[in-house]
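1. the sequence and its predicted three-dimensional model are supplied below.
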Amino acid sequence: MRSYHKTHRGFTRGRRSGWGKNLYRNTEAGIIAGVCAGLGDHFEIDHWVMRLIFIGAFLFTGPYTILAYIIFWFILAPRKSEYSEEYMEYDEQRKVYRPRNIFRYGDDVSTRVMRANERLKAALRRVEAIEAYVTSKRYDFDREFSKISK
């Protein structure tokens, strides 16, 4: 009896959290239960393409696809209107947060190191420009002029 309750609570918690992989039903864009729309959101493909995949699967496997749809309907929770921070990730290129997706891979290490190196070089150029200004006669002139204007 006790193990059933632990399993049930684990299932409910996993279902509500999108199984930790941003898996939800999209009931707002869905036609029947939002399963295809939710899977389309997860795999980042158009909803109509996911529906087409389900129709193609139905043509090849028949009732097994309907059974899979019903199972997904039960297993996947409806998507909340707001994402929690726990299931968001930061996209460095777009400079925004987006829902986490297990099939979205980041850039390889060499690309990220190159990008970090470019940012460091840009910061170094700005520091050098500030240093050149502070050690110039123009800085002394601007400082003396600001004292006069006060």
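-> Good, I have the coordinates. Numbers count the residues shown, from 1 in each chain.

2. what segments of this protein are helices?
-> Secondary structure of the chain (DSSP state H): helices located at 2-16, 35-43, 47-61, 63-75, 109-134, 137-149.

3. among the ones you listed, show me which one is buried the most.
-> helix 35-43 (a mean of 22; mean count of other Cβ atoms under 10 Å). C-betas here are computed from N, CA, C, even on glycine.

4. the inter-axis angle of that helix versus helix 47-61?
-> Put simply, helix 35-43 runs at 110 degrees to helix 47-61, going by axes from the mean of the first three to the mean of the last three Cα atoms, to 10 degrees.

5. offset the numbering so it begins at 36, please.
-> Sure thing, new numbering starts at 36, so read that last one as helix 70-78.

6. what packs against helix 70-78?
-> helix 82-96, helix 98-110 (3 or more Cβ pairs under 8 Å, 6 or more residues apart in numbering; DSSP states H and E).

7. which other residues reach it?
-> 56-66, 81-82, 84-86, 89, 104, 107-108, 111, 114, 134, 136, 138 (Cβ atoms under 8 Å, 6 or more residues apart in numbering).

8. so who does residue 113 touch?
-> 59, 60, 62, 69.

9. please name the nearest non-neighbouring residue to the first one.
-> Nearest-residue entry for residue 59: residue 114, 3.7 Å, with adjacent residues in sequence omitted and distances by Cβ to Cβ, 6 or more residues apart in numbering.

10. residues contacting that neighbour?
-> Contacts of residue 114 (Cβ under 8 Å, 6+ apart): 53, 59, 60, 61, 62, 63, 69, 73, 76.

11. state the pair within the residues you listed that is farthest apart.
-> 53 and 63 (15.6 Å; Cβ to Cβ).

12. those two - which one has more neighbours?
-> residue 53 (23 against 10; other Cβ atoms under 10 Å).

13. output the contacts of residue 114 as JSON lines; include the columns pLDDT and distance to residue 100.
-> Listed next are those as JSON lines, based on pLDDT from 0 to 100; distance: Cβ to Cβ, whole Å:
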{"residue": "53", "pLDDT": "59", "distance to residue 100": "22"}
{"residue": "59", "pLDDT": "74", "distance to residue 100": "20"}
{"residue": "60", "pLDDT": "79", "distance to residue 100": "16"}
{"residue": "61", "pLDDT": "78", "distance to residue 100": "19"}
{"residue": "62", "pLDDT": "75", "distance to residue 100": "20"}
{"residue": "63", "pLDDT": "75", "distance to residue 100": "23"}
{"residue": "69", "pLDDT": "83", "distance to residue 100": "16"}
{"residue": "73", "pLDDT": "82", "distance to residue 100": "16"}
{"residue": "76", "pLDDT": "78", "distance to residue 100": "19"}
